[in-house]
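> Please find the sequence and the predicted model below.
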Amino acid sequence: MPEGQERGRVGPVPALFHAEPPPPHLPLPGHPLPQGERESKRLFMLYHDKYIHAIALRGFVLMKKTVVIGFLGTKLDAMGGLGRKPERWKRWRPTVGLCQQPDLSVHRLELLHQPQDSKLAERVTADIAEISPATEVRRTELALANPWDFEEVYMRLHQFVSGYSFDVDNEDYLVHITTGTHVAQICWFLLAEAHYVPGRLVQTAPRSKGNGEGEAVPGSPAGYANIIDLDLSRYNQIVQRFRREQADTVSRLKSGIATRNAAFNTMIEQIERVAGRSRAPMLLTGPTGAGKSFLARRIFDLKQERQRLKGRFVEINCATLRGDSAMSALFGHVKGAFTGAQNARPGLLRSADGGVLFLDEIGELGQDEQAMLLKAIEDKRFLPFGGDDEVTSDFQLIGGTNRKLRERVREGSFREDLYARINLWTFALPGLAERPEDIEPNLEYELERYAAHAGAQVRFNVEARRRYLAFACSPAARWTGNFRELTSSITRLATLATSGYITETDVAQEIERLRATWDESRTSGTNAENLVEATLGAESSRELDLFERCQLETVLQTCRRAGSLSEAGRLLFAQSRQQKKQANDADRLRKYLLRFGLDWERLR
């Protein structure tokens, strides 16, 4: 090294703890290195590695050794030539400069190079030994027929790191991405991101004069190094941006409605993550009108925005499919497959190629259609109706149902293998009655949607709004039609509003309409299971034994027919009340209903 050239040095180490006192001829760590012979520096570095421990976070932490893996730069590392000319010490050479960083001690350098570059590798190794004697350089020949062939470079590097003995407990690993072809740099990034290399990236650059000739600023041939951690959680601005984007996506899935139900919001956040990362089938369950079709469309829009789909959104209600027409509609048919099939038909599965196929009421499919659908999901291939040659379609399936498919599997009406295939991601959408806190934000959404459709703004006056929300959020509001019924209610109010304002009179009339609708549905012969589920909600009704469900259904039916709580009590306790000195039928019934969180007003 030319006289006066800055040597590599060890930066100050904070809060040091000495396992043993240093030999008298060596300085304390953190003090400048002696300007003696290279041997003195080598001994100091060996002492530093062997004896020094750092005090960190109230405990003693052994300092890990730093290992750098990287390619030899056939152009940049050859700056100044291979000879002993002093010019090369004036040039920035990335591999040599990396070992000259004042705040980075490289204990071992894994230097990869082509066989034809052995002389340059030897020259660089010798120069590193001069400026950083404690750095061990291990040269590895890596023959590449074409350094610009991505597949070859990736496979060779993958083979190298797979056979490398990483010791993450005692060593920190850095991958030098400044040298090598752009293809090699990309491959290093991919291997580090996939954790094949358990380390971070390091990038070096010169403090250049800007003359384009790679000549370093006088006195600074080491350049500088920048360590890149691929753990994005360490970068606040990136994390904040990801959070904003996720919040925007979740909001779009909810159509911008600021929903307040915690369970529903958590479910939508999970759907956002699954939709962005997986193409596996999804199953949306919930009562009619809960918004399954609407949400399926939003999931498609999200995937399309993220360029994960190129095809269409295709939707069909399976309850409308029967017999041969079901096979033809779903899987298509060939010409002459049946009487009247004068032309071939592609079918919905092929129409959804590259996109999303939403099968609403998937539980209504017949056994034959279920079998063919399973094959289409798993193999992306199926036979059109009446055809002998398979066709292909790569679609993502979203199924919707208001049925309990597990029970239908037990009954034998739904294939267990198909259910297992579509049950990977299942999301249960609650009914509106289970989300009373979300009625107010949905009310605003429905008014805005009406205004966009009708071209006229409509608003509640203060008292009318208060009265409507008080009723809509009360147990008396059954919302059997869920959000579809809420939409209809707001549409009626907005259409009948005078001068753009919904009044208390309008609200009173609408409440009566809703009550009449629900009273009519109560007497329409609803079976026990649906009646109890409609009253308690799906989740609560599932927790009841069959005995309790049947008993409660009888009580509910009796309460519907009775004109008062006392009358209902007299009908239910007609025998036992005769054995009591003082019959209090209303109180007994009230206590029974309270066990299920019910009261008389809610049942009316």
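Structure's in. What do you need?

> switch to C-alpha atoms for all contacts and neighbour counts from now on
OK.

> and residue 382, what is it in contact with?
Residue 382 sits next to 331, 372, 375-376, 390-392 when contact means C-alpha atoms under 8 Å, 6 or more residues apart in numbering.

> typo on my end, it should be residue 416
The contact partners of residue 416, by C-alpha under 8 Å, 6+ apart, come to residue 409.

> Can you give me the separation between it and residue 407?
10 Å (C-alpha to C-alpha, to the nearest Å).

> ditto for residue 258
In terms of C-alpha to C-alpha, residue 258 sits 35 Å off from residue 407.

> Please apply the same query to residue 371.
For residue 371 relative to residue 407 (C-alpha to C-alpha), the value is 18 Å.

> can you check residue 279 too?
Distance from residue 279 to residue 407, by C-alpha to C-alpha: 26 Å.

> any idea which helix or strand carries the closest residue to residue 154 other than its chain neighbours?
Once flanking residues are discounted, residue 154 sits nearest to residue 187: 5.5 Å by C-alpha to C-alpha, 6 or more residues apart in numbering. Using DSSP states H and E, residue 187 sits within helix 182-193.

> what about residue 279 and residue 407, which has more around it?
Legend: neighbour count by other C-alpha atoms under 10 Å for residue 279 and residue 407, higher for residue 279 (16 against 11).

> Residue 423 is in contact with residue 283, isn't it?
Yes - between residue 423 and residue 283 there is a contact under C-alpha atoms under 8 Å: 6.3 Å.

> Between these two, which has more neighbouring residues?
Using other C-alpha under 10 Å, the more surrounded residue of residue 423 and residue 283 is residue 283, with 23 against 18.

> you'd agree the more buried one is in a strand?
Yes - counting by DSSP: H, G, I helix; E, B strand; the rest coil, residue 283 is part of a strand.

> does it have beta-bridge partners, and which?
residue 399, residue 426 (DSSP bridges).

> Make sure it is actually in contact with residue 427.
Yes - contact criterion C-alpha under 8 Å: residue 283 and residue 427 qualify, at 6.3 Å.

> What would the helix or strand where residue 452 lies look like as CSV? C-alpha coordinates only.
Assessed by DSSP H and E, residue 452 sits inside helix 439-454. The C-alpha coordinates for helix 439-454 follow below in CSV (Å, rounded to 0.1, in the frame of the first residue of the first chain):
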residue,chain,number,x,y,z
ILE,A,439,-77.3,-0.1,10.5
GLU,A,440,-76.5,3.6,10.9
PRO,A,441,-73.5,3.7,8.5
ASN,A,442,-75.4,1.5,6.0
LEU,A,443,-78.3,3.9,6.2
GLU,A,444,-76.1,6.7,5.0
TYR,A,445,-74.7,4.4,2.2
GLU,A,446,-78.2,3.6,1.0
LEU,A,447,-79.2,7.2,0.9
GLU,A,448,-76.1,8.1,-1.2
ARG,A,449,-76.8,5.1,-3.5
TYR,A,450,-80.4,6.3,-4.0
ALA,A,451,-79.3,9.8,-4.8
ALA,A,452,-76.9,8.5,-7.4
HIS,A,453,-79.6,6.4,-9.0
ALA,A,454,-82.5,8.9,-8.8
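
> same for that helix, what does it pack against?
Judged by 3 or more C-alpha pairs under 8 Å, 6 or more residues apart in numbering; DSSP states H and E, the packing partners of helix 439-454 are helix 462-472, helix 482-496.

> for those, which one ends up most surrounded?
helix 482-496 (a mean of 18; mean count of other C-alpha atoms under 10 Å).

> next SSE after that helix?
Following helix 482-496 in sequence, per DSSP H and E, is strand 501-502.

> List the buried residues in the very next helix or strand once past that following strand.
Later in the chain than strand 501-502, the nearest helix or strand by DSSP H and E is helix 504-522. Judged by neighbour count using 16 or more other C-alpha atoms under 10 Å, the buried positions of helix 504-522 are 504, 506-507, 510-511, 514-515, 518, 522.

> and what of stretch 363-383?
Buried, per 16+ other C-alpha under 10 Å, within stretch 363-383: 363-366, 369-370, 372-374, 376-377, 380-383.

> Over to stretch 334-354?
334-335, 337, 345-354.

> With pLDDT and distance to residue 553 added, can I get these in JSON lines?
Output for the buried residues of stretch 334-354, formatted as JSON lines (pLDDT from 0 to 100; distance: C-alpha to C-alpha, whole Å):
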{"residue": "334", "pLDDT": "86", "distance to residue 553": "51"}
{"residue": "335", "pLDDT": "84", "distance to residue 553": "53"}
{"residue": "337", "pLDDT": "74", "distance to residue 553": "50"}
{"residue": "345", "pLDDT": "87", "distance to residue 553": "48"}
{"residue": "346", "pLDDT": "89", "distance to residue 553": "48"}
{"residue": "347", "pLDDT": "90", "distance to residue 553": "44"}
{"residue": "348", "pLDDT": "93", "distance to residue 553": "42"}
{"residue": "349", "pLDDT": "93", "distance to residue 553": "42"}
{"residue": "350", "pLDDT": "92", "distance to residue 553": "46"}
{"residue": "351", "pLDDT": "93", "distance to residue 553": "46"}
{"residue": "352", "pLDDT": "93", "distance to residue 553": "44"}
{"residue": "353", "pLDDT": "94", "distance to residue 553": "47"}
{"residue": "354", "pLDDT": "93", "distance to residue 553": "47"}
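
> closest to residue 100 among the residues you listed?
Closest approach between those and residue 100, by C-alpha to C-alpha: residue 354, at 53.3 Å.

> Which strand or helix spans the closest residue to the closest one other than its chain neighbours?
Leaving aside its sequence neighbours, residue 354 sits nearest to residue 311 (C-alpha to C-alpha, 6+ apart; 4.2 Å). Following DSSP H and E, there is no helix or strand that holds residue 311.

> Can you name the residues that contact residue 311?
352-356.

> and if we set it to 10 Å?
300, 304, 351-357, 394-395 (C-alpha atoms under 10 Å, 6 or more residues apart in numbering).

> and if you look at residue 508?
464, 467-468, 471.

> Please produce JSON lines containing those, extended by pLDDT and distance to residue 539.
Output for these, formatted as JSON lines (pLDDT from 0 to 100; distance: C-alpha to C-alpha, whole Å):
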{"residue": "464", "pLDDT": "93", "distance to residue 539": "32"}
{"residue": "467", "pLDDT": "94", "distance to residue 539": "29"}
{"residue": "468", "pLDDT": "94", "distance to residue 539": "26"}
{"residue": "471", "pLDDT": "92", "distance to residue 539": "23"}
